[in-house]
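Asker: What would the 3D arrangement of this be:
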Amino acid sequence: MGSLQLQSIRKAFGTHEVLKGIDLEVADGEFVIFVGPSGCGKSTLLRVIAGLEDATSGSVRIDGAEVVNTPPAKRGIAMVFQSYALYPHLTVKDNMGLGLKQAGTDKAEIETRVAKASAMLSLDPYLARRPAELSGGQRQRVAIGRAIVREPKLFLFDEPLSNLDAALRVQTRLEIAGLHRRLKATMIYVTHDQVEAMTLADKIVVLNAGAVEQVGSPMELYNRPANIFVAGFIGSPQMNFIPAERLGDSSAKTIGIRPEHIALSRDSGEWKGKVIHVEHLGADTIVYLETEQTGLLTVRLFGEHAYAPDDIVFATPDRAHLHRFDASDRAIVTER
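Answerer: Reported below is the predicted structural model:
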């Protein structure tokens with residue numbers, strides 16, 4: 001079991017309040033990801049759950065038991081950090097089993113758990129090596145293995161892929177996803193990378209300035225953002241925002257449309273504009289254009305398209321995918 005309940009979690013450093021009353025429920029076995037811009041409080045919240053930071057006020061319950069005054073080692077959690085934090089003089093095997101050894105676990109049990117985690121993470125060929133003899137991806141797998149052998153109630157990941165190059169990030173992301181499916185464990189993961197969030201999470205928690213903006217599945221946040229902040233943070237390229245008055249809509253302040261929900265034509269369409277820049281990405285073509293009605297507009301087209309700067313084009317939004325926001329930047333919910 002590894003459920004988590006946070007109630008009214010506040011954290012202040014002096015007069016600066018970093019967490020402003022966080023409420024959250026995480027079910028046993030869920031993969032939950034905290035996302036948000038730098039300084040939003042996501043890593044601080046993870047450290048409060050781990051017990052590495054004391055909450056100024058509020059309740060942290062793991063499997064229903066209050067742990068806000070319980071030291072980290074007794075909370076039943078294991079944490080994987082952005083830095084691998086491996087002991088350079090120890091082998092992979094000894095690094096993975098060190099926590100159990102310090103806890104007084106039987107030697108045979110340590111051997112069994114390390115062997116199981118090593119097989120799960122394909123680390124068997126490296127057990128006798130030291131961290132300096134490993135790649136960054138291998139070292140991160142050792143750090144994850146060290147967490148697995150503890151058989152915790154909660155796995156906590158603090159931006160574990162940030163130090164890896166692009167190819168290794170994809171590979172390690174797949175390994176973490178497979179690990180979650182095999183272990184069926186509760187995982188809480190912090191990242192600033194929305195691609196990681198969208199591809200790994202059962203549930204995403206979007207944080208901004210110490211408060212929760214929205215909680216939901218990846219596609220709930222993509223299709224039904226609660227406000228402009230979430231709409232702009234989830235999705236790449238970012239959603240286009242257009243003052244509603246420029247489109248003749250007096251019932252909203254802002255109209256949003258994602259770049260992938262706009263069609264382009266050289267002949268006719270709703271908004272006439274001029275191309276100012278094109279990004280040819282192979283699988284996608286990103287076109288930036290200026291139109292009189294919308295101002296700067298980003299359009300994402302599937303595949304390769306031969307648009308170039310100064311081309312005159314016509315953009316047409318898919319009106320089934322328009323998002324409307326009120327004067328408080330909250331989504332105006334309409335039946336679709």
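
Asker: rest of the way, CA atoms for contacts and neighbours
Answerer: Fine.

Asker: so residue 63 touches residue 4, yeah?
Answerer: Yes. With contact defined as CA atoms under 8 Å, residue 63 counts as touching residue 4 (6.2 Å).

Asker: if you count what's nearby, which of these two comes out ahead?
Answerer: residue 4 (23 against 17; other CA atoms under 10 Å).

Asker: okay, now residue 126: neighbour count?
Answerer: Residue 126: 17 neighbours (other CA under 10 Å).

Asker: Run through this protein and note the low-pLDDT ranges.
Answerer: Applying pLDDT under 70 to the chain flags the ranges 1, 335-336.

Asker: Farthest from the middle of it: give me that residue.
Answerer: residue 267 (40.2 Å; CA atoms, centre = their mean).

Asker: and that residue, that one's in a strand?
Answerer: No. Counting by DSSP: H, G, I helix; E, B strand; the rest coil, residue 267 is located in no strand; its state is coil.

Asker: Isn't it up against residue 315?
Answerer: No. Assessed by CA under 8 Å, residue 267 is found out of contact with residue 315, at 10.0 Å.

Asker: picking that back up, would you quantify the distance from the residue farthest from the centre of the chain to residue 306?
Answerer: Distance from residue 267 to residue 306, counting by CA to CA, to the nearest Å: 15 Å.

Asker: from memory residue 132 sits against residue 88, does it?
Answerer: Yes. Using CA under 8 Å, residue 132 makes contact with residue 88 at a distance of 6.8 Å.

Asker: Quick one: residues contacting the residue nearest the centre of the chain.
Answerer: The chain has residue 197 as the residue nearest its centroid, 3.1 Å off, counting by CA atoms, centre = their mean. Taking CA atoms under 8 Å, 6 or more residues apart in numbering, we find residue 197 in contact with 33, 34, 35, 191, 204, 218.

Asker: Likewise for residue 75?
Answerer: So residue 75 contacts 50, 51, 62, 67 (CA under 8 Å, 6+ apart).

Asker: Show me which helix runs longest in this structure.
Answerer: helix 166-183 (DSSP state H).

Asker: elements contacting whichever helix or strand comes after it?
Answerer: Counting by DSSP states H and E, the element after helix 166-183 in chain order, helix or strand, is strand 186-190. Strand 186-190 sits against strand 31-35, helix 42-50, strand 154-158, with contacts defined as 3 or more CA pairs under 8 Å, 6 or more residues apart in numbering; DSSP states H and E.

Asker: For those, state which one has the densest average packing.
Answerer: The highest mean neighbour count among those, using mean count of other CA atoms under 10 Å, belongs to strand 31-35: a mean of 26.

Asker: tell me which element the residue nearest to the centre of the chain falls in.
Answerer: Going by DSSP H and E, residue 197 is in helix 194-200.
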